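Asks: Quick one: sequence plus predicted model below, questions after.
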Amino acid sequence: MDKQDFFAGNVFDAWRWFGAHIKDQSVTFRVFAPNAAKITVTGAFNDWKEDELTQDGRSGFWAVTVPDAQPGQFYKYRIYTRSGAVVEHCDPYGFAMELRPGCCSVITDPDEYAFTDADWMAARTAAPDAPLNIYELHLGSWKRNPADENGWYRYDEIADLLIPYLLDNGFTHVEFLPLSEHPFDGSWGYQNTGFFAPTARYGTPAQLKRLINRLHHAGIGAIMDFVPVHFAVDSYGLVLFDGTPLYEYPHPDVGESEWGSCNFIHSRREVRCFLQSAADYWLDQFHFDGLRMDAVSRLIYWQGDPARGVNGDTLDFLKRMNDGLKARHPSALLIAEDSTAYPGVTRPVRDGGLGFDYKWDLGWMHDTLTYMQTPPDERAERRGQLLFSMQYFSNEHYLLPLSHDEVVHGKAAIVQKMWGADLTDKYAQARAFYLYMFAHPGKKLNFMGNELGLRVEWSESAELDWTYADGMFHTFFRALSQTYRDHPALHADYESGSFRWLDTDEDAPCVFAWERRGETERLAAVCNFADKPCAFPLPASDCTVLLHTDWERFGGVEKENTRSFIENPDEISIKLDKFSAVLLKIE
């Protein structure tokens, strides 16, 4: 590694130098700690005594080669600070860690597993005209393993259950909540101590690679949630690593996040190299097909608050990281979880943007769910909540998320959020809402359990309630996902010509109708969110019903073998019961 590039913030593969690297019958340990007085490494290979690292001049680069150290052995660094304290830390660049509450790093060969997914890697694309239907997953609570004391499946074990399920439900990608090592189960992986280490909860790095390899052979992409903003406060992690604030801000006013964690100081070039190398590591070594970057608003504005202004250092870091990652992994997806109105998030850096491929449309999520919670007699006044997102959808490459954040901490499951005097109304509205979502411009993301129509919110301590899997809502969701994948007009998301409103009756303010166009087909979606039936004129004389939310097999009242059309001398209309929606193909 070029040290000058490191100090300039230009290195994307610092993991190839730092960490514990195996060569022949020895292991070389390297760490960056510019303000330490002395550093030793202790582990199973030296009976937990100490081998002292040597500093390269005054560079802050420390290293030692230990003979006979073996893969699988635990180790820690002991940092002797200039104040006289001695603190044990895991390896910031460690490739594996022991299971919590243990906090040792584990000697691991990052090249021990050989992928066989070359065809997938060569063919994958970040193209915006492809279907993108993401299943967001918390690996520890999707299904529980009765044979494991913690209830966890290993990465490679869960493949046998997960892959057929993803295929059956029409998902193109699975997005894992952060898999980098973290001490607290309840953080869901968002407060990390091991940015290069897959969590030991579910197995080894090689087992995670085996899972991703199998996903690729099944035609499914893998995305990981990546956390570049903050880190856990546990003393063995990055906090005061060399006795001084090395990775964090020196002052708590900006150094402490709203989640009780430490904010990275992105103005330090060494910290930039650490984070962008971690991002590169997951894409390069694990063949992840994309990264969803958490809390991007905190990288745009000071503490994520537009009123405090743009943070130039963090914004510069973000642009440089994204630009470098796209140069190295052009077909990988970079996805921003960003709630701000900052322009150009999905524009290339060379064109003045931030360089993401997609941006979560959290405004759409909030407006749409608020509308669906509103009683029908008040919805006419809130019509704009469903119209607004259609006005700006082409400004960015948006992704429509119904994520984990919307089904926890008292927010209720998606079906529970629907207004309704009874479950029949709630499920009818949920079906109409989901057809609205899948026919709306933008890619799709749903958190696990949404597809089942659960009526209980998620908890990381229990598996999903699989009694819902045989329900009519799940049948509907599978049919909707497959319809989405099968029709190119629903993938042409960001061009103005791909969408146009269809005229609606002014006396029916809760009816929304629009057309989606692709190169080879035209589709029309009609949604009735009123609590009374309606008839909507067909957009053309010859239409085919692709999907009706009110079909009997989904829990409605319409027979699937009828056209559901009303004919009179002047026009042909489609009949929609209350809280129902239809997707039509215009022949």
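Replies: Thanks, I have it.

Asks: Break this protein into its domains for me.
Replies: 3-106, 131-490, 496-586 (automatic domain parsing).

Asks: contacting residues for Ile178?
Replies: Actually, residue 178 is Pro. It isn't Ile. Residues near Pro178 by C-beta atoms under 8 Å, 6 or more residues apart in numbering: Trp188, Gly189, Tyr190, Asn192, Met224, Asp225, Phe226, Val227, Asp294. C-beta here means a position set from N, CA and C on the backbone, and glycine is covered the same way.

Asks: Grab the nearest non-local neighbour of it.
Replies: Using C-beta to C-beta, 6 or more residues apart in numbering and skipping residues adjacent in sequence, the residue nearest Pro178 is Gly189, 3.1 Å away.

Asks: Wait, the one you found touches Phe226, no?
Replies: No - using C-beta atoms under 8 Å, Gly189 is not in contact with Phe226, being 10.2 Å away.

Asks: overlap in contacts of these two?
Replies: Common contacts of Gly189 and Phe226, defined by C-beta under 8 Å, 6+ apart, comprise Pro178, Ser180.

Asks: hmm, back to that, Trp120: which of the domains of the chain is closest?
Replies: domain 131-490 (3.9 Å; C-beta to C-beta).

Asks: Do me a favour and get the end-to-end distance for the closest one?
Replies: Here the two ends of domain 131-490 are set 8 Å apart, with distance taken as C-alpha to C-alpha, to the nearest Å.

Asks: Strands of the stretch 401-550 of the chain, residue ranges please.
Replies: Taking DSSP state E, counting those that start in this stretch as the criterion, the stretch 401-550 of the chain contains strands spanning 443-447, 499-501, 511-517, 522-528, 534-537, 543-548.

Asks: could I get these as a markdown table with mean neighbour count, distance to Pro198 and mean pLDDT?
Replies: Converted to a markdown table, the strands of the stretch 401-550 of the chain look like this (neighbours: other C-beta atoms under 10 Å; distance: least, C-beta to C-beta, whole Å; pLDDT from 0 to 100):
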| stretch | mean neighbour count | distance to Pro198 | mean pLDDT |
| --- | --- | --- | --- |
| strand 443-447 | 25 | 21 | 98 |
| strand 499-501 | 15 | 40 | 93 |
| strand 511-517 | 21 | 39 | 95 |
| strand 522-528 | 24 | 41 | 96 |
| strand 534-537 | 20 | 51 | 89 |
| strand 543-548 | 19 | 39 | 92 |
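
Asks: now the ones you listed as CSV including distance to Phe18?
Replies: As requested, the strands of the stretch 401-550 of the chain are exported to CSV (distance: least, C-beta to C-beta, whole Å):
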stretch, distance to Phe18
strand 443-447, 34
strand 499-501, 48
strand 511-517, 49
strand 522-528, 52
strand 534-537, 62
strand 543-548, 52
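
Asks: Any idea which of those gets closest to Val415?
Replies: Val415 sits nearest to strand 443-447 of all the strands of the stretch 401-550 of the chain, at 12.4 Å, using C-beta to C-beta.

Asks: May I have the secondary structure class of Phe12?
Replies: Assigned with DSSP: H, G, I helix; E, B strand; the rest coil, Phe12 falls in the coil class.

Asks: what does Leu208 give?
Replies: Classification of Leu208 using three-state DSSP returns helix.

Asks: returning to what we had before: which one of the contacts of Pro178 is nearest Thr549?
Replies: Asp225 (31.1 Å).

Asks: Let me know the pLDDT of the residue lying closest to that closest one once chain neighbours are set aside.
Replies: Closest residue to Asp225 apart from its sequence neighbours, by C-beta to C-beta, 6+ apart: Pro178 at 4.6 Å. On the pLDDT scale, Pro178 is placed at 97.

Asks: From Tyr153, how far out is Pro178?
Replies: 17 Å (C-beta to C-beta, to the nearest Å).

Asks: isn't Ser459 right up against Ser141?
Replies: Yes - if you go by C-beta under 8 Å, Ser459 and Ser141 touch, sitting 7.1 Å apart.

Asks: More neighbours: which of those two?
Replies: Neighbours of Ser459 and Ser141, each counted by other C-beta atoms under 10 Å, are more numerous for Ser141; the result is 21 against 14.

Asks: Doesn't the more buried one belong to a helix?
Replies: No - read with three-state DSSP, Ser141 is coil and lies in no helix.

Asks: so who does it touch?
Replies: Trp458, Ser459, Glu460, Ser461, Ala462, Glu463, Leu464.

Asks: which residues touch the last one?
Replies: Okay, so that is Leu464. Leu464 neighbours (C-beta under 8 Å, 6+ apart): Ser141, Trp142, Lys143, Met448, Gly449, Leu452, Leu454, Trp458.

Asks: repeat for the fourth one
Replies: With contact taken as C-beta under 8 Å, 6+ apart, Ser461 is in contact with Ser141, Asp185.

Asks: May I have the phi/psi pair for it?
Replies: Dihedral angles of Ser461 (phi, psi; degrees, to the nearest 10) stand at phi -90, psi 0.

Asks: related to what we said a few turns ago, secondary structure element for the residue nearest to Asp225?
Replies: Using DSSP states H and E, Pro178 sits in no helix or strand.

Asks: thinking again about what came up before, can you pick the most crowded of the contacts of Leu464?
Replies: Top of those by neighbour count (other C-beta under 10 Å): Gly449, with 26 neighbours.

Asks: Next, work out how far apart the closest residue in space to it that isn't next to it in sequence and Leu423 are.
Replies: Leaving aside its chain neighbours, Gly449 sits nearest to Leu464 (4.9 Å; criterion: C-beta to C-beta, 6+ apart). Separation of Leu464 from Leu423 (C-beta to C-beta) stands at 19 Å.
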